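1. After the sequence you'll find the predicted model.
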Amino acid sequence: MALLEVRDLTVVFERKGTKPFTAVDHVSFDVEPGQTVGLVGESGCGKSVTSLAIMGLLPARGARVTGSVLFEGVDLLTLPDKQFRDRRGRDLAMVFQDPLSSLNPVIPIGIQVTEVLERHRDMPRKKAMVEAAGLLDKVGIPDPTRRLSEYPHQLSGGMRQRALIAIALACRPRLLIADEPTTALDVTIQAQILALLKELVHDMGTALVMITHDLGVVAGLCDEVNVLYGGRVVEKAERHELFAAPRHPYTHGLLASIPRLDAPRGEKLNPIRGSVSDNIPWTEGCAFAPRCPNKLDVCVRVTPEQEDIGGGRLLRCHNPVKPPVVEEVSV
Amino acid sequence: MLRFTIRRLLQAIPTLFVLSVLVFAWLRSLPGGPATALLGDKATPESIASLEKIMGLDQPLYLQYFNFLGRMLSGDMGNSIISADPVLEEIGRALPATIELSVVALLIAVLLGIPLGYLSASYRGRFFDNATIMGTLAGVAVPVFFLGIVLKYVFAQELGLLPPSSRQDADIDATRVTGFATLDGMLTGEWDATGNALWHLVLPAIALSSIPLAVIVRITRASVLDVLNEDFIRTANAKGLQATVVRTRHVLRNALLPVSTTVGLQTGLLLGGAVLTEKVFVWGGLGSLLSEGIQRRDYPRLQALILLAAGVYVLVNLLVDISYAIIDPRVRTS
Amino acid sequence: MTSLLDRKKKRVDDLAESAGTSLAADAFRRMARNPVAVTGAVIVLAFVLLSIFAPWLAPKDPFLRYPELLENLRADSIPGPQPGFLLGSDEFGRDFFSRLLVASQQSLVVGVVATLFGGAIGMLIGGLAGALGGWVDTLLMRLTDILLSVPSLLLAISIAALASRGSQTTVIIAVAVVSVPIFARLLRGSMLAQRHSDHVLAATALGVKRRTIVFRHMLPNSLGPVIVQATLTLATSIIEAASLSFLGLGDPDPNRAEWGLMLSKSQSYIDVKFELALYPALAIIVVALGFTLLGESLREALDPKNRR
């Protein structure tokens, strides 16, 4: 049995006086114990909402969540708040995008780490402090004992993200969801944080759901990748397969749009045309159709269904990109 | 923390200095000058001239100011025209009554306002929230003195439940120690005196608390709503902390930052409101001194009261800043 | 460094920034849909019309002592409603209802004149500070900050007490002065926010003259928050004026019909006829509430955070 089974997860935002907005539309995926799964897509594709829905952190009012999220066989969506709180931070944890705003500005870092330990591991404050220092050390924060009494604004951006990771991993959760954990950081720090995450989840055997718009992150970290577009999974594949042979035009476009250092001088960049605002509703056809180079007439009339194309790959497209012919490599 | 406090104290000095200049200018701009004001409209030019000499009003303006400042600093604020007593003595006698009333009113406003504002934010958009918002808007629109008049009429005169005026019943023979009616009873063991004083405090304190209460409710509500949207509240929930821990340790503590500022600002409103409330309830505090002083244009008294009010306001703001620094580490270190 | 005053100032500045570049039409559309705003507008409109036409609407002469009322006027009983006299008599045998109606004029005059004066002087100070910047800005803002640091009612009392005899004019001046620092801060903050905005930077870069930028770009875009503040100030002015009247700082002429004065005088007759206190107070409350509702919903409508 998979550690996490997301089935037909749908999130609709409703607000009085406005049209309901479907942010996540029947998203399904599995996460095996210890596995790292990527959720990839540009901003507004529903990846963050998916993660918040799994964690049960969407606002109670205004967001209607349906489908099921089975964590070790228990449906988190129907779990009473109290029992969910017993699991959050202990069995499944989350690292957020902006480390400064995600830490409480008026509480010392130490307390913010120990309150998880006190809550879930029944540690007395003193023992928790020692453990917290150990955790900060483990995530690479120098002089951890002194840092315990400092406030978030006294730490650098990278340090704050390390502290957040320490908080998330304090109880050795079986699932960690990381929502764009490196977007707010400098490029040099990004690589360090990713390496740290990779090392820690490997050591602890924690499964990781990595939410990102950055295919570079995916390439370095994920075993399996789900590409989201307009709230739906448009392509799912094992990492190497995806990079070697992207089948959905959107995935293909994402890969092609990465500037390559080895490209010949003067070669133009290949951005994906248009933006998310050009989408058409999934109910009328393919949401990506208006931006798609492979568009057929059928794409704006019939909603593409998700198909199993073999090799564990799923695809939602009327006119996929042809798999590349394996070329003879000439030396 | 100590350095922060000292720095704040030093920063208050220029404000007080400018205020003293303003009060001096205020005195000088009285119709006909301070001497005429002291002697009244019917004084002869000779008597005015001789008083001006006594008061040093024939000296250059800057010397007059330094004389004025020197007298203020040495605690000589002149004698009241009404009672002929030194103004400071008058104030000393009346001060406890006003402090007692203001403190109780502020306590009511804070202890009721913060929970109400919090609840209102938690039930955002529901009936309770809308009713509270309308209540606060109406609360600000009701003149303090009218609320006092209604409370007095309904609960004292019509229902006879509570005393209509004064700080204690006339037949209570309480020993005076500090001048605080409630404290004196406790110190001397005359508990009936304390009880009676508290009983007398109910109506005026409620009247005086109305506007600060409304303001504190609104600020708390807005502040809690802001904090609830913060990312770190999501983090706290993601940690699986109990809802009560999230509410107190994470939401309330951050939400109280702007509220503490507001409480400081309310002291200004309280000082103004106390003048009106004391008049309605014949309270015999600073407000009564002030309104009596206004009627008779007792300028030495008015001058001292205005300086005192400004000083108190500066002092309270100082205290608020220090308490703010205690809650918010970012202020301390920046 | 945030001192308390800084934060008090910041609140004004935030308002200044919040409403900066709103579209009037957009705000108006949202106001029309908001029941709170409509309620406020209806109250304000009714109040303005009432006070303008009060002399014609009043069924009796508000200053005349009527024999049929005086006949039944005793120290312990004031005549109640009767034919011709909707709310009966006041403490001097005059028609209470007509006096209530006519008194609305005084409140309107105090509110409007004080707000206009306070707003004009405040905007002049704030506008100069915002447009010129530099030492002018520093000096003007220091001065307003000191005014801002004195509790408003006490400031009003000190100013009103300067006159040896209370009058409507001193009350208006006192109430107006209290609102000066708020308007000054508001307009300055709003203009400073404009100064760093893209359209002003663009105009500056194109070499547009400073005067043109100030009058064509910065001022018009700063008006939103000023209008909000003016609406709210109308409410506080009316209450402050009534408070000054209550303390005996207003015009003591007993002939004058004014809600604050009526309230103040009614205290002596509160056991005899409670309505004498109730109706003028209700009038003040309703009018103040009307302006507050209108101002608050205007602030909400102009706030870009609420636009969608």
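-> Now that the structure is in, tell me what you want to look at. Just so it is clear, the structure is predicted and the values come from calculations on it, not from any experiment.
2. all strands of chain A, in order?
-> Taking DSSP state E as the test, the strands found in chain A are A:4-13, A:21-31, A:36-40, A:63-71, A:74-75, A:92-95, A:175-179, A:207-212, A:224-229, A:232-238, A:307-310, A:313-315.
3. List the contacts of the fourth one.
-> The set of residues external to strand A:63-71 that reach it, using C-beta atoms under 8 Å, 6 or more residues apart in numbering or on different chains, is A:2-14, A:26-28, A:53-54, A:58, A:75-77, A:87, A:91-92, A:175. Every C-beta, even on glycine, is put in place using the N, C-alpha and C of the backbone.
4. Would you mind checking these for buried ones?
-> Using 16 or more other C-beta atoms under 10 Å in any protein chain shown as the burial test, the contacts of strand A:63-71 include A:2-6, A:9-13, A:26-28, A:53-54, A:58, A:76-77, A:87, A:91-92, A:175 as buried.
5. which of the strands of chain A is buried the deepest?
-> Ranked by mean neighbour count, these are led by strand A:92-95 with a mean of 28 (mean count of other C-beta atoms under 10 Å in any protein chain shown).
6. Report all helices and strands that it contacts.
-> Counting contacts by 3 or more C-beta pairs under 8 Å, 6 or more residues apart in numbering or on different chains; DSSP states H and E, strand A:92-95 is packed against helix A:47-55, helix A:157-169, strand A:175-179.
7. Near chain B, which residues of the stretch 151-300 of chain A are found?
-> The stretch 151-300 of chain A has residues A:Y151, A:H153, A:Q154, A:L164, A:I167, A:A168 near chain B, with proximity defined as C-beta under 8 Å from any C-beta of the partner chain.
8. so what's B:A138 closest to, chain neighbours aside?
-> Ranked by C-beta to C-beta, 6 or more residues apart in numbering or on different chains and with sequence neighbours excluded, the top spatial neighbour of B:A138 is C:L289, at 6.0 Å.
9. show me the contacts for B:G113.
-> B:P212, B:L213, B:A214, B:V215, B:I216, B:V217, B:T220.
10. does it belong to a helix or a strand, and which?
-> Using DSSP states H and E, B:G113 maps to helix B:87-122.
11. how about the closest residue to C:N255 other than its chain neighbours, phi and psi?
-> Spatial nearest neighbour of C:N255, excluding adjacent residues (C-beta to C-beta, 6+ apart): C:F63 at 5.7 Å. The phi/psi pair for C:F63 (degrees, to the nearest 10) reads phi -110, psi -10.
12. Could you check the pLDDT of the closest residue to chain A within the stretch 151-300 of chain C?
-> For the stretch 151-300 of chain C and chain A, the shortest gap (C-beta to the nearest C-beta) falls at C:E300, measuring 15.0 Å. At C:E300, the model reports a pLDDT of 79.
13. Least reliable of the strands of chain A by average pLDDT, please.
-> Lowest mean pLDDT of these: strand A:307-310, a mean of 86.
14. helices and strands around it, which ones?
-> Strand A:307-310 is packed against strand A:313-315, with contacts defined by 3+ C-beta pairs under 8 Å, 6+ apart.
15. For the stretch 201-331 of chain A, give me the ranges with low pLDDT.
-> For the stretch 201-331 of chain A, the stretches flagged by pLDDT under 70 are A:325-331.
16. Which residue does it have closest to chain B?
-> A:V209 (13.4 Å).
17. A:V37 is in contact with that residue, correct?
-> Yes - between A:V209 and A:V37 there is a contact under C-beta atoms under 8 Å: 5.3 Å.
18. After whichever strand or helix holds B:G185, which helix or strand is next?
-> Under the criterion of DSSP H and E, B:G185 resides in helix B:181-188. Next in sequence after helix B:181-188, counting helices and strands by DSSP H and E, comes helix B:191-228.
19. sorry, back to before: from the contacts of B:G113, which is closest to chain A?
-> B:T220 (16.5 Å).
20. Need the single longest helix in the chain, by residues.
-> Assuming you mean chain A. With secondary structure taken from DSSP state H, chain A has its longest helix at helix A:187-204.
21. wrong chain, I was asking about chain C
-> Per DSSP H, chain C has its longest helix at helix C:96-132.
22. how about whichever helix or strand comes after that helix, does it get close to chain B?
-> Using DSSP H and E, the next helix or strand after helix C:96-132 towards the C-terminus is helix C:134-149. Yes - counting by C-beta under 8 Å from any C-beta, chain B is contacted by helix C:134-149 at C:I146, C:S149.
23. for the record, mean pLDDT for helix C:134-149?
-> Mean predicted lDDT for helix C:134-149 stands at 80.
24. Check which helices and strands it sits against.
-> So helix C:134-149, by 3+ C-beta pairs under 8 Å, 6+ apart, packs with helix B:2-28, helix B:299-327, helix C:4-18, helix C:96-132, helix C:168-195.
25. one step back: and the residue of the stretch 151-300 of chain C closest to chain A, what helix or strand is that in?
-> Using DSSP H and E, C:E300 sits within helix C:275-302.
26. and that helix with helix C:96-132, angle?
-> 30 degrees (axes from the mean of the first three to the mean of the last three C-alpha atoms, to 10 degrees).
27. if we can go back for a sec, show me what the helix holding B:G185 is in contact with.
-> Helix B:181-188 has contacts (C-beta under 8 Å, 6+ apart) with B:96-97, B:100, B:167-168, B:174-178, B:190-198, B:200-201.
28. Any chance of a ChimeraX selection covering the buried ones in the residues you listed?
-> To isolate the buried members of those in ChimeraX, using 16+ other C-beta under 10 Å:
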select /B:96,97,100,167,168,174,190,193,194,196,197,198,200,201
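29. Find the residue at the geometric middle of the chain.
-> I went with chain A, as the question did not name one. A:I211 (1.7 Å; C-alpha atoms, centre = their mean).
30. was after chain C, sorry
-> Geometric centre of chain C, nearest residue: C:L234, 1.5 Å, by C-alpha atoms, centre = their mean.
31. and that one, what is it in contact with?
-> When the contact criterion is C-beta under 8 Å, 6+ apart, the partners of C:L234 are C:G111, C:V112, C:T115, C:F291, C:G295.
32. before we move on, what about C:V178?
-> Neighbour list for C:V178: C:G118, C:S152, C:L155, C:A156, C:E240 [criterion: C-beta under 8 Å, 6+ apart].
33. Please name the nearest non-neighbouring residue to it.
-> Leaving out its chain neighbours, the residue that sits closest to C:V178 by C-beta to C-beta, 6+ apart is C:S152, at 4.7 Å.
34. Per-residue confidence, the one you found, what does it come out as?
-> On the pLDDT scale, C:S152 is placed at 81.
35. Can you get me a residue count around it?
-> Neighbour count for C:S152, taken as other C-beta atoms under 10 Å in any protein chain shown: 20.
36. check contacts around it.
-> Contacts for C:S152 (C-beta under 8 Å, 6+ apart) come out as B:G268, B:L269, B:G272, C:V178, C:T236, C:E240.
37. How about A:P124?
-> Each residue near A:P124 by C-beta under 8 Å, 6+ apart is listed here: A:E118.
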